[in-house]
Every structure is written in structure tokens, then in C-alpha cells.
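In: No letters, just coordinates:
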Ligand SMILES: *Cc1c(COP(=O)(O)O)cnc(C)c1O
């Protein structure tokens, strides 16, 4: 069978693949320490579950409007108004099967062959593959660990061409955990306005912040930039609801309308029950997430401190999200039982096979010298994992 060429351009999500391998090993009775999973280990809040149960009992189990129920779209509009001070109409909100699906609808609605999207590196893995799937080009903007992965406007400007359609902003960032401050975002916004570009602002970790860090949405910098920004968000991370598959996009009416048409011809509505659950989640608001983040904060301290105590590893303190992204560059070139560890992928393979530790290698995030460890896992797992990691890395010669 001859498959479409676009299939050959992408790989399965490496984070999901690593998580699946770790789970399969655990199912075989192997004591795997899993740092790969990109989801909160907390249970979905009770009121959310109750709302879903009530929806089932009430027979709310049929098709809904394809773009999402009014109640949920209103709750999203209220949230964006009260938390960000932004005004949206219903026609500017599209509820999809997770933020990943929102981003995919956006890529389909926006991109044509030869179009370019600028993605600051390191980046969340699906941005580039979704771009490639839609025949466009992912133009990577390198940043430097030494200055906190800051976007430098002059470097961004140099990548803008006639074919550039959008810039992706992900703050707080998966995998680096950095946040962009107002000044940096102003620099990006000025370029977007000057070159007539769309901003895709993935704000899924907006509430997962530490040490008093605050979230600035680029859309709040003024009406001109708001008009050319699509905010992508969802309930997966903030309310421990990754399996429920509810995300949303808020942006220009014409674009959201096109995305809604694509959705109506592809998936139709997101799960009716999950939509009711998402309404309940948004009603819980920040207090639920704050409690979860307090726990993440302790784990963040523990994992970053532990990583920095390992010889040859250095790890920045992330300001948001729930990932440590240690630099393992000094491990590269060493030798393990299967040969030279030349790339982060080799190190991840070594750790999984010989130490039963699952980490995600840096390559699919656009890094040649990092691995990603999620600390959305129990404190006990973190301490055991760090000890095991230290032992495994010492074995390399
Ligand atoms: C988890 C994640 C998403 C996707 O979340 P959904 O579960 O699809 O809502 C999007 N962007 C980033 C950066 C993520 O880490």
C-alpha cells in the first residue's frame, strides 16, 4: 500500500512512546522509575467526577454542538475575561479533544505547502510534527540555556520570511520550565505586528508556576496583538484531567470558524460528558491547582537539587510546568555496556535498559544535550530515582 507522503515526515510522539514502554515494563513486573509521563499524578477533583456522573445519569450522552456546549464556551469566556481581562464572543471559542487537537485544527486551518512557522527551541514535540503533517515547514529558533532560553528579537527577526505565518509561544514552557516576561513578549509582539504574523500562545501550564512567578499572556499586551493571537489552553494539566480530552482555542473569529468547520467534518464534538466535567473544573478555578502546585514545588526542589549533586549533570531551576530539563552534555562521549553514549537518546536507552529509569531524550524537543524528567510523580519515586540515576551515571566510563 502506498501511504500519503506526509506520514513519512513524522514519528509517533516520543514522550507517549517512552511512557508506553515504561508502563509495559512495569506490567512485566520490572521496577521501572518513570520520569517520562507528562501528566499530573493527582486524581481528577471530586466535583469534576461528580459532574461527569451527573451528566451520564441525566442522559447527556449524545452529540453536542460540534464546537462545544454553550455552557462550557461561556465558562471559558468568563475565565479569559476575569483572569486575563480579555473579551471574546462565542464564535471566537472552539472546544476540542484536548489542547493538542486544538493545535492540530489550527495547523490544518492555517498552513499550506511551503508555509513556515517559527518555533523557539527547545519546544514541545508536537508543534513541529503537526506543522510537517500539514505540509509546512517548522523553522526552529535556537535559544541559549545560559540566558534562560530567552528569545532575542533580532534573532527572531532574521528567521521571518515571506512565507512565515506564525510564531509559537509556550510559556511556561514544556520542556524547559521557563516563562517569558512582559518585555520579551513585547519584543515578539512588535515583530508579529510589523510582519503581519499570527501568535500561537500555548498557555496550558499558565497556573503551574513557582516562587511567585506570574503568567503573562501575550494577548494581554494590547488590542492589536490580541487580535492576532490564538490562545490554546485546556483542563488537562491544571485539573489533572489528561484522559478527559478537553482543550480549547480562543482567537480571531475567521480562524476559529475555519477550525470549527474542520472539527465538524473530522471529530465532531468533544466528549459530551467531558465537556460537563470541564465546566465543573473551570468553576473550581485556581484553588485546586494551587494545592497541586504546592506539592509540585517541593518535588521540584528535591529533583533539581538531586540532579545538580550528580557529577556531570547540571539543572536549571524551572519557573513553571513540572519538568526538570538537566544538561547531560558532559555525559556524552562516555561509554556504557552498549557502546559510546553519543546522544541524549543513547543515554535514555542506557538508563531504561540498564537502570530501569525512563526519561525522555532531548532530541525531539530540539536539544542535543538534555533529557527531560517529569516530577509529576511521588516524592518517594523521585528520591529512589535520583539515587538510581546517580549510580547508573557513575557506571559510565
Ligand atoms: C500536555 C501539553 C499539551 C496538550 O494537552 P492536552 O492534553 O492535549 O490538552 C499542549 N501543549 C503542551 C506544551 C503540553 O505540555
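Out: Here it is on my side, so go on. What you see is a predicted model, and the numbers here were worked out from it, not measured in a lab.
In: What ranges does the stretch 51-200 of the chain have for its helices?
Out: Along the stretch 51-200 of the chain, counting by DSSP state H, counting those that start in this stretch, helices occupy 70-84, 99-110, 125-133, 153-159, 182-194.
In: do you know which of those helices lies nearest the ligand?
Out: helix 99-110 (3.3 Å; CB to the nearest ligand atom). Backbone N, C-alpha and C define where each C-beta goes, glycine included.
In: Can you give the distance of the closest one from its chain's centre?
Out: 14 Å (CA atoms, centre = their mean, to the nearest Å).
In: again, but for stretch 222-230
Out: With CA atoms, centre = their mean, you get 22 Å for stretch 222-230.
In: close to the ligand, is it?
Out: No: counting by CB under 6 Å from any ligand atom, the ligand has no neighbours in stretch 222-230; the shortest distance is 13.0 Å.
In: what about residue 294, how many residues close to it?
Out: 10 (other CB atoms under 10 Å).
In: For it, which residues are in contact?
Out: With contacts taken as CB atoms under 8 Å, 6 or more residues apart in numbering, residue 294 has no neighbouring residues.
In: quick one: it from residue 210, how far?
Out: Using CB to CB, to the nearest Å, we find residue 294 at a distance of 10 Å from residue 210.
In: same deal with residue 323?
Out: 12 Å.
In: Give the residue from those two that has the larger number of neighbours.
Out: Per other CB under 10 Å, whichever of residue 323 and residue 210 has more neighbours is residue 323, with 25 against 20.
In: quick one, phi psi at the more buried one?
Out: phi -130, psi 140 (degrees, to the nearest 10).
In: Next: residue 33.
Out: The phi/psi pair for residue 33 (degrees, to the nearest 10) is phi -100, psi 120.
In: One more: residue 336?
Out: phi -120, psi -170.
In: Could you double-check that it lies in contact with residue 352?
Out: No: taking contacts as CB atoms under 8 Å, residue 336 lies outside contact range of residue 352: 11.8 Å.
In: Doesn't residue 249 belong to a strand?
Out: Yes: Residue 249 sits within a strand when classified using DSSP: H, G, I helix; E, B strand; the rest coil.
In: burial count for it?
Out: 29.
In: That one and residue 104: what is the separation?
Out: Taking CB to CB, one finds residue 249 at 10 Å from residue 104.
In: The ligand contacts on this structure?
Out: Residues of the chain lying near the ligand (CB under 6 Å from any ligand atom): 38, 98-100, 124, 170, 174, 202, 204, 234, 236-237, 242, 247.
In: Closest to residue 368 out of the residues you listed?
Out: residue 124 (17.2 Å; CB to CB).
In: you'd agree the closest one is up against residue 177?
Out: No: look at residue 124 against residue 177 with CB under 8 Å: they stay out of range, at 12.0 Å.
In: tell me the phi and psi of the closest residue to the ligand within the chain?
Out: Ranking the residues of the chain by distance to the ligand (CB to the nearest ligand atom) places residue 98 first, at 2.8 Å. Dihedral pair for residue 98: phi 100, psi 160, per degrees, to the nearest 10.
In: pLDDT at it, what is it?
Out: If you check residue 98, the pLDDT there is 98.
In: Could you check how far residue 141 is from residue 201?
Out: Relative to residue 201, and taking CB to CB, residue 141 is found at 15 Å.
In: Residue 361 too?
Out: 27 Å.
In: Check residue 34 too.
Out: 30 Å.
In: Which of the residues in stretch 71-84 are classified as buried?
Out: Using 16 or more other CB atoms under 10 Å as the burial criterion, the residues of stretch 71-84 that qualify are 72, 73, 75, 76, 77, 79, 80, 84.
In: pLDDT and distance to residue 192 added to those, as JSON lines?
Out: Shown next, in JSON lines, are these (pLDDT from 0 to 100; distance: CB to CB, whole Å):
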{"residue": "72", "pLDDT": "98", "distance to residue 192": "29"}
{"residue": "73", "pLDDT": "98", "distance to residue 192": "26"}
{"residue": "75", "pLDDT": "98", "distance to residue 192": "28"}
{"residue": "76", "pLDDT": "98", "distance to residue 192": "23"}
{"residue": "77", "pLDDT": "98", "distance to residue 192": "24"}
{"residue": "79", "pLDDT": "97", "distance to residue 192": "24"}
{"residue": "80", "pLDDT": "98", "distance to residue 192": "19"}
{"residue": "84", "pLDDT": "97", "distance to residue 192": "18"}
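In: okay, these in TSV with distance to residue 265 next?
Out: Below are the buried residues of stretch 71-84 laid out as TSV (distance: CB to CB, whole Å):
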residue	distance to residue 265
72	21
73	20
75	26
76	23
77	25
79	28
80	27
84	31
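In: Tell me where the chain has strands.
Out: 33-34, 93-96, 116-120, 137-141, 164-170, 198-202, 229-234, 247-250, 323-324, 335-336, 339-340, 357-358, 360-361, 371-374 (DSSP state E).
In: and the ones you listed as JSON lines, adding distance to residue 154?
Out: What follows is those, written out as JSON lines (distance: least, CB to CB, whole Å):
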{"stretch": "strand 33-34", "distance to residue 154": "41"}
{"stretch": "strand 93-96", "distance to residue 154": "35"}
{"stretch": "strand 116-120", "distance to residue 154": "14"}
{"stretch": "strand 137-141", "distance to residue 154": "11"}
{"stretch": "strand 164-170", "distance to residue 154": "14"}
{"stretch": "strand 198-202", "distance to residue 154": "18"}
{"stretch": "strand 229-234", "distance to residue 154": "22"}
{"stretch": "strand 247-250", "distance to residue 154": "30"}
{"stretch": "strand 323-324", "distance to residue 154": "28"}
{"stretch": "strand 335-336", "distance to residue 154": "41"}
{"stretch": "strand 339-340", "distance to residue 154": "38"}
{"stretch": "strand 357-358", "distance to residue 154": "39"}
{"stretch": "strand 360-361", "distance to residue 154": "31"}
{"stretch": "strand 371-374", "distance to residue 154": "29"}
